[in-house]
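Novice: Next one to model:
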Amino acid sequence: MALCRTMGAEEDQEELLLPLVQAVSDQLAARLRGGAAPEGCGPAFSLAAAMMVMDKLAGMTGERGGGVTSFTAGDLTIRRDGGGGTGKSLSQQAEELLAPWLGDAGFCFQGVDG
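Specialist: Down below sits the predicted model:
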């Protein structure tokens, strides 16, 4: 929740923020590959969860174009100025951040006789 506040979450959003943080954290933990745990992801798990929460919160409050103008954590920098940018949502960037720990999703090899 502290990361969300740093990224621009308002105090009046507290009632919505807590269950959203818990739900997103549970959702991300369930997507980790076998043997991986949130603690094993280091700060990437908390940061990715906060990024996804802020993206969902912006969608709920109609603030998709604004919000964070700059946020840096280690080698990761997030800027949201309403225009330009990477074209990727915070949720997409969060998934890229957690990619080394996430299980396979959306792609599957299937055996073919022949």
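
Novice: Let me see the ranges of the strands in the protein.
Specialist: With DSSP state E, the ranges of strands along the chain come out as 71-73, 76-78.

Novice: nearest to Glu95, of those strands?
Specialist: With Cβ to Cβ as the criterion, Glu95 lies closest to strand 76-78 of the strands of the chain, at 13.2 Å. For the C-beta atoms, the positions are set from N, CA and C on the backbone; glycine is no exception.

Novice: what packs against that closest one?
Specialist: Strand 76-78 sits against strand 71-73, helix 90-98, with contacts defined as 3 or more Cβ pairs under 8 Å, 6 or more residues apart in numbering; DSSP states H and E.

Novice: possible to save the strands of the chain as JSON lines with distance to Leu16, mean pLDDT and mean neighbour count?
Specialist: Below are the strands of the chain laid out as JSON lines (distance: least, Cβ to Cβ, whole Å; pLDDT from 0 to 100; neighbours: other Cβ atoms under 10 Å):
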{"stretch": "strand 71-73", "distance to Leu16": "20", "mean pLDDT": "78", "mean neighbour count": "15"}
{"stretch": "strand 76-78", "distance to Leu16": "21", "mean pLDDT": "78", "mean neighbour count": "15"}
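
Novice: Indicate which one of those strands is closest to Pro38.
Specialist: strand 71-73 (16.4 Å).

Novice: in the protein, which ranges drop under the pLDDT threshold?
Specialist: 61-69, 80-87, 105-109, 114 (pLDDT under 70).

Novice: can we see that at 90?
Specialist: Scanning the chain for pLDDT under 90 picks out 1-18, 34, 56-90, 103-114.

Novice: which residue ranges form the helices in the protein?
Specialist: Shown for the chain, the helices assigned by DSSP state H span residues 2-6, 14-31, 43-61, 90-98.

Novice: Return the list of helices and strands in contact with the second one.
Specialist: Applying 3+ Cβ pairs under 8 Å, 6+ apart, one finds that helix 14-31 contacts helix 43-61.

Novice: List the buried residues in the helix it packs on.
Specialist: 44-58 (16 or more other Cβ atoms under 10 Å).

Novice: quick revisit: got the strands of the chain as JSON lines, with distance to Gln92 columns?
Specialist: Putting the strands of the chain into JSON lines (distance: least, Cβ to Cβ, whole Å) gives the following:
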{"stretch": "strand 71-73", "distance to Gln92": "16"}
{"stretch": "strand 76-78", "distance to Gln92": "12"}
